[in-house]
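**Student:** A structural model of the following input is requested.
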Amino acid sequence: MRKTTLFFFTLLGLLLSMPAFAENSTKTAGYTIHHNAFLSTELSPEMAGQYHIRRSPNRALINISIIKDVPDTTGIATEARVSVTARNLRGQIRTIPLREIKEGDAVYYIGEFLVENQESVVFTIEVQPLGDDKTLHATLKQQFFTR
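**Tutor:** Predicted coordinates:
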């Protein structure tokens, strides 16, 4: 879990001071789903290059990790089948393709998508941890300011 936390904060370290940054988590059925969304320009060019993320003022990312709750620990990073749909205030719905990133014991799911200035997006996240038959649900609402 220590590597998971280290990677998570490395990837998002520059964002902690940004007012548009939102990091949320949802606790459900023995798991914690960490989810956040932000503009790709918030990443340094070096970090974006390292993870093959395209930086652009109208491009955003969603980052999801699943931690299995283990008493007296910070939990265990868990692989899962993850899907994300995004709905804006105009009612437009889109599926966001995700890719899995593994680094040591850490597992992340990252998706890139286009946004407009001041666009509010509600993300519906479905997670099925590997080896588990239950589907977990989380939502995240984020407004993006591209200018």
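**Student:** how about the residue nearest the centre of the chain, what does it touch?
**Tutor:** In the chain, the residue lying closest to the centroid (CA atoms, centre = their mean) is Asn63, at 1.6 Å. Contact analysis of Asn63 by CB atoms under 8 Å, 6 or more residues apart in numbering lists Leu11, Leu12, His34, His35, Asn36, Ala37, Phe38, Tyr108, Tyr109, Ile110. (Glycine included, C-beta is placed from N, CA and C.)
**Student:** What helix or strand is the residue nearest to the last one when sequence neighbours are not counted located in?
**Tutor:** Translated: Ile110. Closest residue to Ile110 apart from its sequence neighbours, by CB to CB, 6 or more residues apart in numbering: Asn63 at 5.4 Å. Using DSSP states H and E, Asn63 maps to strand 59-68.
**Student:** Direction included, what does that strand pair up with?
**Tutor:** strand 31-39 (antiparallel), strand 76-77 (antiparallel), strand 106-114 (antiparallel) (DSSP bridges).
**Student:** What distance do you get for His35 to Gly131?
**Tutor:** 21 Å (CB to CB, to the nearest Å).
**Student:** and what of Val70?
**Tutor:** Relative to Gly131, and taking CB to CB, Val70 is found at 15 Å.
**Student:** Can you pick out the residue with more neighbours from the two?
**Tutor:** Using other CB atoms under 10 Å, the more surrounded residue of Val70 and Gly131 is Val70, with 11 against 8.
**Student:** can you pull the contacts of the more buried one?
**Tutor:** For Val70, the contact set (CB under 8 Å, 6+ apart) comprises Ile76.
**Student:** What pLDDT is listed against it?
**Tutor:** Confidence at Val70, expressed as pLDDT, is 95.
**Student:** List the contacts of Ile64.
**Tutor:** Ile64 makes contact with Ile33, His34, His35, Val82, Val84, Leu98, Tyr108, Tyr109, Ile110, Ile125, Val127, according to CB under 8 Å, 6+ apart.
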